[in-house]
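Student: sequence and computational prediction follow.
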Amino acid sequence: MAEKVVTYRFNCLEKTLNQMNKVDCAIIAGGTDVMVLHKSRRGVPPQINKPIMFIDHLPELKQIYPKHNNLHIGACTTYSELLEHRLTPEPLKKAIKTIAAPAIRNRGTLGGNICNASPAGDTLPLLYVYNAKLLLRSVNGERVVGIHDFIQAPRRIQRFHNEIVAEIILPDVLLNDAFIVFEKVGNRNADAIAKVSFAGLTRIINNRIEDIRFAFGAVGPTMVRSTSIERKLLGKTTPLTHTDIAATLADFDKIIKPIDDQRSTASYRKTVALNLLKYFLNSIGTMTK
Ligand SMILES: Cc1cc2nc3c(=O)[nH]c(=O)nc-3n(C[C@H](O)[C@H](O)[C@H](O)COP(=O)(O)OP(=O)(O)OC[C@H]3O[C@@H](n4cnc5c(N)ncnc54)[C@H](O)[C@@H]3O)c2cc1C
């Protein structure tokens, strides 16, 4: 006989958080990662050894709104909803278009991509260069944590069992004053897991680099970003010299440590990651928004 599964689906966030405070639950948003992770034989339902809390329908987790120059995105906003929304930044739309096929994009959520904490999560390099913050809610109130602190290792995040990621906050993104690129290298244009992904951001005023950030996906256990390497380029004039570009590539060469797996080899990943960085560094100052 099939085992009984306890599931909860409340009509508001408050009731959801109250229940999560009493019982340790497995959260399901779109379920596109959870169902694959727990799948067993064909025809056998996934085995999840905790009560399940569905959150994808909660209106409090689906809003997209501006506040000052920041963009707030409800954690349960699906990729398809983000693609249609006028406030979604273009680079994020570009990244989303590389994710899976429309059926998965209709279910998969931005919060799910973050909380799944895969090194190959396609929105993550961009969220790192946006300096994204996460608003977590529980019965005790709310707290805000930077994405680089929240994601600790593959599938490991800094979340207490009674907390839900409610919003993703993209600081200053509505100023729209930065050049941002996103590139994903995979077997196919969409519906393929990344072998390497890259996001770069720069703000240039009067040919001077005021801000610069890079993040690489799928070349380490979490996104690879180094604020100390970025700081070395602050204040430089554009275009960058060959010496500056070579020094930055050498710095990243030391910290990018990919692995061989079924999707790619470590050496291919490293070469591609450094080529994407080189291309970005060479185009700084020549790019138009
Ligand atoms: C066929 C297929 C193709 C795919 N292709 C890609 C791809 O190209 N690129 C890519 O990046 N991903 C891909 N994915 C993975 C997946 O679709 C994404 O990671 C998606 O964003 C997950 O969102 P979800 O809402 O379905 O998460 P779920 O599966 O519901 O949850 C994922 C994890 O996050 C937790 N969680 C979810 N929401 C919250 C929240 N608000 N607060 C706290 N915890 C939460 C869950 O408990 C779970 O641990 C693919 C998946 C499939 C099945």
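Tutor: Here it is on my side, so go on. Note that the structure is predicted; figures quoted are calculated from it, not measured.

Student: pLDDT averaged over stretch 217-235 - what is it?
Tutor: Averaging pLDDT along stretch 217-235 gives 97.

Student: which residues of the stretch 101-250 of the chain lie near the ligand?
Tutor: With Cβ under 6 Å from any ligand atom as the criterion, the stretch 101-250 of the chain meets the ligand at residues 104, 107-109, 111-113, 115-116, 121-122, 159, 164-165, 193. From N, CA and C alone the C-beta is placed, and that goes for glycine too.

Student: out of those residues, what pair is the most spread apart?
Tutor: With Cβ to Cβ as the measure, no two of those lie farther apart than 164 and 193, at 26.3 Å.

Student: distance from the chain centre to stretch 214-228, please.
Tutor: Computed by Cα atoms, centre = their mean, to the nearest Å, the chain-centroid distance of stretch 214-228 equals 12 Å.

Student: still on that earlier bit, so which of residue 164 and residue 193 has more stuff around it?
Tutor: Per other Cβ atoms under 10 Å, whichever of residue 164 and residue 193 has more neighbours is residue 164, with 24 against 18.

Student: which stretches in the stretch 101-250 of the chain count as strands?
Tutor: Secondary structure of the stretch 101-250 of the chain (DSSP state E, counting those that start in this stretch): strands at 133-138, 141-146, 151-153, 156-157, 164-170, 179-185, 196-205, 208-217.

Student: show me where pLDDT drops low in the stretch 51-200 of the chain?
Tutor: 189-191 (pLDDT under 70).

Student: longest helix of the protein?
Tutor: Secondary structure of the chain per DSSP state H: the longest helix is helix 266-283.

Student: how close does the closest residue to residue 85 other than its chain neighbours sit to the ligand?
Tutor: Leaving out its chain neighbours, the residue that sits closest to residue 85 by Cβ to Cβ, 6 or more residues apart in numbering is residue 64, at 5.3 Å. Distance, residue 64 to the ligand, using Cβ to the nearest ligand atom, to the nearest Å: 15 Å.

Student: ditto for residue 33
Tutor: For residue 33, the distance to the ligand equals 3 Å [Cβ to the nearest ligand atom].

Student: which residue does this protein bring closest to the ligand?
Tutor: Distances between the chain and the ligand by Cβ to the nearest ligand atom are smallest at residue 112, namely 2.1 Å.

Student: residues contacting that residue?
Tutor: With Cβ atoms under 8 Å, 6 or more residues apart in numbering as the criterion, the residues that contact residue 112 are 29, 30, 32, 33, 75.

Student: next, the distance between the ends of stretch 84-93.
Tutor: The first and final residues of stretch 84-93 sit 9 Å from each other (Cα to Cα, to the nearest Å).

Student: returning to what we had before: just among the residues of the stretch 101-250 of the chain next to the ligand, which is most surrounded?
Tutor: Busiest of these [other Cβ under 10 Å] is residue 109, holding 29 neighbours.
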